[in-house]
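Participant: Below is the sequence, then the predicted model.
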Amino acid sequence: MQEVLFNYEGKRFVVVGASSGIGRQIALELVRAGATVLCLARRTELIEQIDVKDCCGKIIPAFSDVTKCSSGEWDEILKKFVGDYGKINGAVYTAGVAGLTSIRAWDEELSQRIMNTSYWGMLRFLQSATKKRFSEDGSSFVVFSSVAAYANYLGLLVYSSTKSAVQTAVKNIAKEISARRNRINSISPGWLTDTEMTDGKSDQFSNREILASKICLGEGTVDKISGMTLFLLSNRADWITGTDVIVDGGMLLRGGVFE
Ligand SMILES: NC(=O)c1ccc[n+]([C@@H]2O[C@H](COP(=O)([O-])OP(=O)(O)OC[C@H]3O[C@@H](n4cnc5c(N)ncnc54)[C@H](OP(=O)(O)O)[C@@H]3O)[C@@H](O)[C@H]2O)c1
């Protein structure tokens, strides 16, 4: 039984990266709270499988490859949704890919893909979503950084740098969009065990007991992240902007699970 319930009846949101992991969970909880949600990813068939009882028609799936979508194309996607349902009250951008690359074991294609998905794709989306014609005054935007922005893990050179860039962008954009009382914040999750991003990425972490023992509050799952996201989207967070919220079960307190 959840102690905090959110009411998003009559509200409209966009979730980019809704086919899996954190984004999927956020879309699900927003719809359960009454919102209509434009859900984007490449694998729209996975979005169509999201099963929300009694919420028929509130998940609107659409295709987007964030590495290719220009801000003009985002305008077209949002124009259609806003025309059909009304201006958005906020958006969540979770699209991201992880991968190992270091200065010695350099992988140019992977490096570009990591940065393009989490950072450039996010900026192109926000250019469009923060426009007055698409978002209500007082809209809230949440994007995704990582604990990797705080700790230096071998092989995560580009991923960590990208996630640091996300946090810097948030501070910058927060100032730009504050005139309409719009807000933007990032969340830095710790290592979660139930998303595609981490699935099978490490032998060490395939053992949930070992993993849990390295994190003060034990194993992390997507529902540990969705609550903070829904809070930041809500009017209870209307004086919070330009900041990063670490949700990691105390992982960084122990120096991170990779140590
Ligand atoms: N899981 C963790 O432990 C963890 C920890 C720290 C930070 N994070 C961050 O949290 C965010 C969400 O991670 P997650 O674990 O939920 O990942 P996930 O389960 O792998 O989901 C990633 C989502 O991003 C979408 N995506 C990837 N590339 C895309 C593209 N080119 N165009 C459109 N959509 C794209 C995927 O959809 P399609 O493949 O269908 O397009 C999917 O919906 C990421 O930014 C990640 O860096 C995760």
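Facilitator: Nice, I can see it.
Participant: Specify the local secondary structure of the residue in the stretch 101-250 of the chain that the ligand sits nearest to.
Facilitator: In the stretch 101-250 of the chain, no residue comes nearer to the ligand than Thr195, which is 3.1 Å away by C-beta to the nearest ligand atom. Placement of C-beta: from N, CA and C, glycine included. Three states are possible here, and by DSSP: H, G, I helix; E, B strand; the rest coil the one that applies to Thr195 is coil.
Participant: neighbouring contacts of the host helix or strand of Leu232?
Facilitator: Mapping Leu232 onto the secondary structure by DSSP states H and E places it in helix 223-233. With contact meaning C-beta atoms under 8 Å, 6 or more residues apart in numbering, helix 223-233 is reached by 4, 6, 8, 13, 22, 25-26, 29-30, 33, 89-90, 92, 140, 142, 183, 185, 187, 189, 192, 237, 240, 245, 247, 249.
Participant: go again using 6 Å as the cut-off
Facilitator: Counting by C-beta atoms under 6 Å, 6 or more residues apart in numbering, the neighbours of helix 223-233 from elsewhere in the structure are 6, 22, 25-26, 29, 90, 140, 142, 185, 187, 189, 237, 245, 247.
Participant: would you turn those into TSV with pLDDT and secondary structure?
Facilitator: Below are the contacts of helix 223-233 laid out as TSV (pLDDT from 0 to 100; DSSP: H, G, I helix; E, B strand; the rest coil):
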residue	pLDDT	secondary structure
Phe6	97	coil
Ile22	97	helix
Gln25	96	helix
Ile26	97	helix
Glu29	96	helix
Gly90	98	strand
Ser140	98	strand
Val142	99	strand
Asn185	99	strand
Ile187	98	strand
Pro189	96	strand
Ala237	98	helix
Val245	98	strand
Val247	98	strand
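Participant: Would you format these as a markdown table with distance to the ligand and neighbour count included?
Facilitator: What follows is the contacts of helix 223-233, written out as a markdown table (distance: C-beta to the nearest ligand atom, whole Å; neighbours: other C-beta atoms under 10 Å):
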| residue | distance to the ligand | neighbour count |
| --- | --- | --- |
| Phe6 | 20 | 19 |
| Ile22 | 4 | 27 |
| Gln25 | 8 | 24 |
| Ile26 | 9 | 27 |
| Glu29 | 14 | 21 |
| Gly90 | 17 | 27 |
| Ser140 | 17 | 25 |
| Val142 | 11 | 26 |
| Asn185 | 14 | 24 |
| Ile187 | 8 | 22 |
| Pro189 | 4 | 27 |
| Ala237 | 19 | 17 |
| Val245 | 12 | 18 |
| Val247 | 9 | 18 |
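Participant: Show me what the longest helix that the chain contains is packed up against.
Facilitator: The helix that spans the most residues within the chain, counting by DSSP state H, is helix 157-177. If you count contacts as 3 or more C-beta pairs under 6 Å, 6 or more residues apart in numbering; DSSP states H and E, helix 157-177 packs onto helix 108-115, strand 183-189.
Participant: Tell me the buried residues in the longest one?
Facilitator: What that stands for is helix 108-115. Judged by neighbour count (16 or more other C-beta atoms under 10 Å), helix 108-115 contains these buried residues: Leu110, Ser111, Ile114, Met115.
Participant: re earlier: tilt between the helix holding Leu232 and strand 183-189?
Facilitator: For helix 223-233 against strand 183-189, the angle by axes from the mean of the first three to the mean of the last three C-alpha atoms, to 10 degrees is 170 degrees.
Participant: can I get the CA coordinates of helix 223-233 in PDB?
Facilitator: Only the C-alpha atoms of helix 223-233 are listed here, as PDB (Å, rounded to 0.1, in the frame of the first residue of the first chain):
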ATOM      1  CA  ASP A 223       9.600   1.500  -8.700                       C
ATOM      2  CA  LYS A 224      12.300   3.100  -6.500                       C
ATOM      3  CA  ILE A 225      12.900   5.700  -9.200                       C
ATOM      4  CA  SER A 226       9.300   6.300 -10.400                       C
ATOM      5  CA  GLY A 227       8.100   7.800  -7.100                       C
ATOM      6  CA  MET A 228      10.700  10.600  -7.200                       C
ATOM      7  CA  THR A 229       9.900  11.200 -10.800                       C
ATOM      8  CA  LEU A 230       6.100  11.600 -10.200                       C
ATOM      9  CA  PHE A 231       6.900  13.900  -7.200                       C
ATOM     10  CA  LEU A 232       9.200  16.100  -9.300                       C
ATOM     11  CA  LEU A 233       6.400  16.300 -12.000                       C
END
